[in-house]
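**Student:** Dropping the sequence and predicted coords here.
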Amino acid sequence: MTKNSNLMNGTRSSDSDSSSDSGSAIKLKKELGLHNGVAIIVGVIIGSGIFISPKGVLLESGSVGLSLIVWLICGLISLVGAICYAELGTMIVKSGSDYAYIGEAFGHLPAFLYLWVALVVIIPCGNAIGALTFAAYVLEPVFPCDGGPPETAMRLLAALCITILTYVNCKNVKSAALIQDIFTATKIIALVMIIIIGIVFMFKSDRESFQEPFENSTTSPGKFALAFYSGLYSYAGWNYLNFVTEELKDPYKNLPRAIGISIPLVTIIYLLANVAYFAVLTPAAMLASNATAVTFAERTLGVMSWIMPVFVACSTFGGLNGAIFTSARLFFVGAREGHLPGFLATININNFTPTPSLAFGCVMSLVYLTSTDIYALINYASFVETGFIAISICGLLYMRYTHPNAPRPIKVHLVFPIFFLIICAFLLIVPLLDSPKECFMGMIVVASGIPVYILGVCWEKKPKSFLSICDKFSVLTQKIFVSVREELKED
């Protein structure tokens with residue numbers, strides 16, 4: 001990782017010259033329309049969370065009424081955050097989301113630390129858990145015994161899922177977007193089915209869950225915060241479209257439109273789905289269930305209850321596809337800025353996809369499938385990720401002061417970023433007081449990136465032998481993936 005070596009500059013092969021001569025620029029293409037943007041946001045947000053986490057929200061909030069309020073507030077918080085990111089995304093039209101915004105506002109080191117945490121923990125762990133969840137639901141009907149599916153079978157199917165989706169994303173942006181559209185529609189159909197069944201039961205049953213909706217509501221700030229964590233987990237992904245801004249057609253219009261359509265749509269669906277759950281299941285029954293949607297289906301669909309695990313598997317599959325698609329762009333932009341090895345900033349000359357970055361993300365995700373403690377790592381990273389989102393919002397306020405005349409197609413009222421920062425502070429301080437060990441581990445993960453930055457980025461006079469090895473490896477990867485460096489304006 002050095003700016004002086006050909007590795008950082010993205011060594012060109014002869015293919016690049018021929019491509020340039022042909023008049024076809026080697027760069028990421030703007031192939032994503034408004035409907036694709038909506039599908040990415042909705043598809044990434046609606047994963048397995050809404051089918052499982054209602055139990056967590058109810059457990060911590062203590063009552064039906066308060067849990068529904070938590071779901072509504074979580075949607076509003078996500079919408080406020082997304083609106084703030086709409087200003088950042090239309091002011092800084094670069095892929096990479098937080099990495100691009102933090103770098104623009106505060107410089108290379110904070111941006112690199114975000115990239116480092118995303119690279120080593122957040123993205124590969126999230127992909128691994130998503131793939132394992134998919135495998136668990138697919139194999140559940142095959143291994144109906146109490147012990148559940150064998151661990152080896154789950155890991156193999158999860159690895160196959162990650163590999164197939166990586167291949168599709170390498171092959172064609174439109175194919176990956178089509179998969180996202182199809183599976184987003186599938187998961188919405190599943191939730192609409194839950195909502196319709198719930199409405200029917202609302203008129204048939206005695207509506208026990210709604211008779212005293214606020215009974216046993218918690219008054220503990222710590223439990224209230226944990227309820228928000230469970231709810232916000234199901235909304236995670238509201239900022240993922242910002243990772244692919246450079247591939248979005250007319251981002252100044254389509255980015256805010258996609259946000260304005262997606263977040264309210266998801267919030268309404270989540271609220272109605274929870275009402276449907278409570279129409280069929282009592283709070284006690286929901287707390288006794290490990291998978292709310294599956295228990296719901298067993299109570300309402302009878303012999304057809306197997307449909308729900310299939311829908312949950314499809315939902316997780318679509319969410320994983322969106323995560324793989326967007327996260328590869330983060331690695332690509334990081335390498336283009338000189339913070340990762342240059343071969344990750346190359347693009348396949350035939351498909352115009354960041355194939356090396358996709359392959360790298362695939363390998364990292366497969367590595368985490370071998371770990372047995374990835375859930376603890378995700379807990380550490382969740383604290384850190386909230387911190388970096390807060391830093392991005394601070395960057396919005398900072399750039400309002402340092403660059404007041406910069407073009408801002410969207411300019412939100414200062415109330416929105418300040419409100420969102422207060423929420424982030426609440427979500428950071430409460431876990432720091434309740435679980436200092438996990439938060440401390442998250443800080444260690446961040447701090448471990450500092451020596452990597454010093455050696456990999458700041459140290460420019462690296463040994464010639466090392467640079468030679470890096471250059472040869474870069475050329476080798478370009479030949480394997482038939483890829484070249486992106487053709488920039490200065491080229």
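**Tutor:** On my side now, so go ahead. Numbering: from 1, shown residues only.
**Student:** Thought Cys161 was touching Cys131, still the case?
**Tutor:** Small correction: residue 131 is Ala, not Cys. Yes - in terms of CB atoms under 8 Å, Ala131 counts as a neighbour of Cys161; the distance is 4.8 Å. C-beta: built from backbone N, CA, C; applies to glycine.
**Student:** Could you check which of the two has the larger neighbour count?
**Tutor:** Between Ala131 and Cys161, counting by other CB atoms under 10 Å, Ala131 is the more crowded of the two (29 against 24).
**Student:** Against which helices or strands is the helix or strand where the more buried one lies packed?
**Tutor:** Using DSSP states H and E, Ala131 sits within helix 123-139. Here helix 123-139 touches helix 151-171, helix 307-336, helix 355-368, helix 374-402, going by 3 or more CB pairs under 8 Å, 6 or more residues apart in numbering; DSSP states H and E.
**Student:** Next one: the nearest residue to Asn216 once chain neighbours are set aside from Cys74, what distance?
**Tutor:** Among residues not flanking Asn216 along the chain, Gly62 sits closest, at 4.5 Å (CB to CB, 6 or more residues apart in numbering). Distance of Gly62 to Cys74, given as CB to CB, to the nearest Å: 16 Å.
**Student:** Residues touching stretch 114-124, excluding its own?
**Tutor:** 98-99, 102, 323, 327, 330-331, 334, 339-340, 361, 364-365, 367-368, 377-378, 380-381, 384-385, 388, 391, 445-446, 448-449, 452-453 (CB atoms under 8 Å, 6 or more residues apart in numbering).
**Student:** what do you get for stretch 216-234?
**Tutor:** Contacts of stretch 216-234 (CB under 8 Å, 6+ apart): 45, 47, 49-50, 53, 56-57, 59-63, 65-67, 70-71, 73-74, 77-78, 270, 382, 426-427, 430-431, 433-434.
**Student:** Mind listing what's buried along that stretch?
**Tutor:** By neighbour count with 16 or more other CB atoms under 10 Å, stretch 216-234 contains the buried residues 217-218, 223-234.
**Student:** if we take these, which one ends up nearest to Ile92?
**Tutor:** Leu232 (24.5 Å; CB to CB).
**Student:** what angle separates whichever helix or strand the closest one is part of from helix 374-402?
**Tutor:** Per DSSP H and E: Leu232 is located in helix 221-235. Counting by axes from the mean of the first three to the mean of the last three CA atoms, to 10 degrees, helix 221-235 lies at 90 degrees to helix 374-402.
**Student:** How far off centre is helix 221-235?
**Tutor:** Relative to its chain's centre, helix 221-235 lies at 18 Å (CA atoms, centre = their mean, to the nearest Å).
**Student:** Restricting to C-alpha, output it in CSV.
**Tutor:** Extracted in CSV, the C-alpha atoms of helix 221-235 (Å, rounded to 0.1, in the frame of the first residue of the first chain):
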residue,chain,number,x,y,z
PRO,A,221,-33.0,3.5,30.2
GLY,A,222,-30.7,0.6,29.7
LYS,A,223,-33.5,-1.8,28.6
PHE,A,224,-35.0,1.0,26.5
ALA,A,225,-31.6,1.3,24.7
LEU,A,226,-31.4,-2.4,24.2
ALA,A,227,-34.9,-2.4,22.7
PHE,A,228,-33.7,0.2,20.2
TYR,A,229,-30.6,-1.9,19.4
SER,A,230,-32.9,-4.8,18.5
GLY,A,231,-35.1,-2.6,16.4
LEU,A,232,-32.4,-0.7,14.7
TYR,A,233,-30.7,-4.0,13.8
SER,A,234,-33.7,-4.7,11.6
TYR,A,235,-33.3,-1.3,9.9
